[in-house]
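A.B. asks: give me a model of this one.
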Amino acid sequence: MDRRTFKLIEDYMMSCMKDSAHDREHVYRVLYNALDIAACEKNVDMDVLVAACLLHDIGRAEQLADPSLCHAEAGGKKAYDFLLSIGFSEAFSIQVRDCVITHRFRKSRPPKSLEAKILFDADKLDAAGAVGIARTLIYKGTVGEPLYSLTSDGKVSDGSGDEPPSFFREYKMKLEKIYSGFYTEKGRQLAKERRDAAISFYESLYHEVSASRERGRSMLDRML
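C.D. replies: Predicted structure coming up:
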């Protein structure tokens with residue numbers, strides 16, 4: 001892929017990005033993660049991989065407008081149509097489309113090609129560690145969801161088994177479990193390096209809000 005073609009795809013990607021938690025810097029981090037992983041693999045079609053990384057989240061605006069839509073499905077179709085429009089072959093456009101469609105974690109539609117597996121791992125790495133925590137907090141703030149919910153006895157829930165959405169629920173339901181779902185050895189290695197930072201942040205935050213609430217409630221009860 002030459003610089004001119006890269007710029008065409010990059011410009012299209014930037015025109016589609018509206019979500020601060022899935023902005024162009026997220027896309028670049030995914031691309032850089034993918035290049036790092038691909039350097040440890042053989043026979044990677046780098047043109048397919050680069051195009052798929054750049055275009056993997058271009059369906060986010062459609063999903064934000066209509067939550068019933070899947071951004072991976074919408075993005076795959078948009079990527080396919082766009083690549084055909086700028087002169088790529090149908091075979092190439094289909095390869096990229098399939099990478100985009102399968103980058104989202106769903107057991108019913110796992111990535112199949114090597115390029116799709118690398119994109120999957122590269123995207124999941126950006127949900128791991130400190131970066132994953134930061135992005136989740138940005139998103140939760142954007143949609144107006146709280147840090148945590150309370151149990152029936154008024155204590156801070158750690159997120160396990162919660163129904164109401166919150167950051168702690170997202171951590172327990174997704175972020176805590178993300179480290180076992182990688183396809184490549186390099187992806188697993190990089191995820192492992194990031195894991196401790198996420199655990200430390202979650203545990204520190206849970207301790208701070210729990211301890212503060214318990215002390216404060218006890219003091220207030222004595223006052224009233």
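
A.B. asks: select the longest helix from the protein.
C.D. replies: helix 185-223 (DSSP state H).

A.B. asks: now for R135, how many residues are close by?
C.D. replies: Applying other CB atoms under 10 Å, we find 20 residues neighbouring R135. C-beta: built from backbone N, CA, C; applies to glycine.

A.B. asks: let me know the helix or strand that it is in.
C.D. replies: Following DSSP states H and E, one finds R135 within helix 129-142.

A.B. asks: other residues contacting that helix?
C.D. replies: 19-21, 26, 29, 126-127, 146-147, 165-167, 170-171, 175, 178, 191, 193-195, 197-198, 201-202 (CB atoms under 8 Å, 6 or more residues apart in numbering).

A.B. asks: can you say which of those are buried?
C.D. replies: 19, 21, 26, 29, 126-127, 166-167, 170-171, 175, 178, 191, 194-195, 198, 201-202 (16 or more other CB atoms under 10 Å).

A.B. asks: what segments of the protein are helices?
C.D. replies: Secondary structure of the chain (DSSP H): helices at 3-16, 24-38, 46-55, 60-65, 71-85, 90-101, 114-125, 129-142, 167-173, 185-223.

A.B. asks: break the protein down into its structural domains.
C.D. replies: Domains of the chain are assigned by automatic domain parsing as 1-120, 127-224.

A.B. asks: pull up the distance across the last one, start to finish.
C.D. replies: Across domain 127-224, the straight-line distance between its terminal residues is 44 Å, by CA to CA, to the nearest Å.

A.B. asks: understood, closing this out.
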